[in-house]
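[1] sequence first, then the predicted structure:
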Amino acid sequence: MKKIAKLLGIAVAASVIGLSITGCATAIEASGPVAAAQEGFTGPQQGFIGAAGGSYYQAATVSQLQTLQRDGQRRAEVVITGNIVNEIRDGRYFTFRDDTGEVVVRINRRYWGGMSVGPNDLVQIYGRAERRSDGTIRVEARIIRMA
């Protein structure tokens, strides 16, 4: 929606000063789906089976994430390094594995940044780890990059 509003604003500004921007919307529509098809997780998928760097993020392992809330802290900004081994559902939920265990990671499509990642690719995920009300830990990714 923001892109459309921005384009409409540009179109209005262009018409005020007498410029024509025909064909601009077609170019944007053509680039969107093509780019989306080339990025994201490229490994195995399965059905749902159950419930940018810097000092702001703290390096952690999956086993260290399990201590959330037991330490009086329900959330933490973390960076985890490991592999995305499969897609759980919706193209946004994935199983992430490091040497210490597995955790569910939610990666919004906009955070892939054009990358294609397979199960053998080592990645770093920067995001918010949170203990959910059902006791499970989930990481909401904000940045993903190859390690």
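    Cool, got the structure. Numbering: from 1, shown residues only.

[2] other SSEs contacting the longest strand seen in the chain?
    With secondary structure taken from DSSP state E, the chain has its longest strand at strand 75-89. On a contact count with 3 or more Cβ pairs under 8 Å, 6 or more residues apart in numbering; DSSP states H and E, strand 75-89 meets strand 40-41, strand 58-59, helix 62-65, strand 93-98, strand 101-106, strand 122-131. Just so you know, the C-beta spots here come from the backbone N, C-alpha and C atoms, and that holds for glycine as well.

[3] now the fourth one against strand 101-106, angle please.
    Taking axes from the mean of the first three to the mean of the last three Cα atoms, to 10 degrees, one finds that strand 93-98 is oriented at 150 degrees with respect to strand 101-106.

[4] quickly run through the sheet partners of strand 93-98, with directions.
    Its sheet considered, strand 93-98 pairs with strand 75-89 (antiparallel), strand 101-106 (antiparallel) by DSSP bridges.

[5] and the closest residue to A59 other than its chain neighbours, how far from I88?
    Excluding the flanking residues, the one nearest A59 by Cβ to Cβ, 6 or more residues apart in numbering is V79, at 5.4 Å. Remark: distance between V79 and I88 (Cβ to Cβ, to the nearest Å) = 21 Å.

[6] who has more neighbours, the two?
    V79 (21 against 18; other Cβ atoms under 10 Å).

[7] list the residues that contact the more buried one.
    G53, Y57, Q58, A59, A60, Q124, I125, Y126 (Cβ atoms under 8 Å, 6 or more residues apart in numbering).

[8] quick check: the fifth one touching Y126?
    No. At 10.7 Å, A60 and Y126 do not qualify as touching, with contact defined as Cβ atoms under 8 Å.
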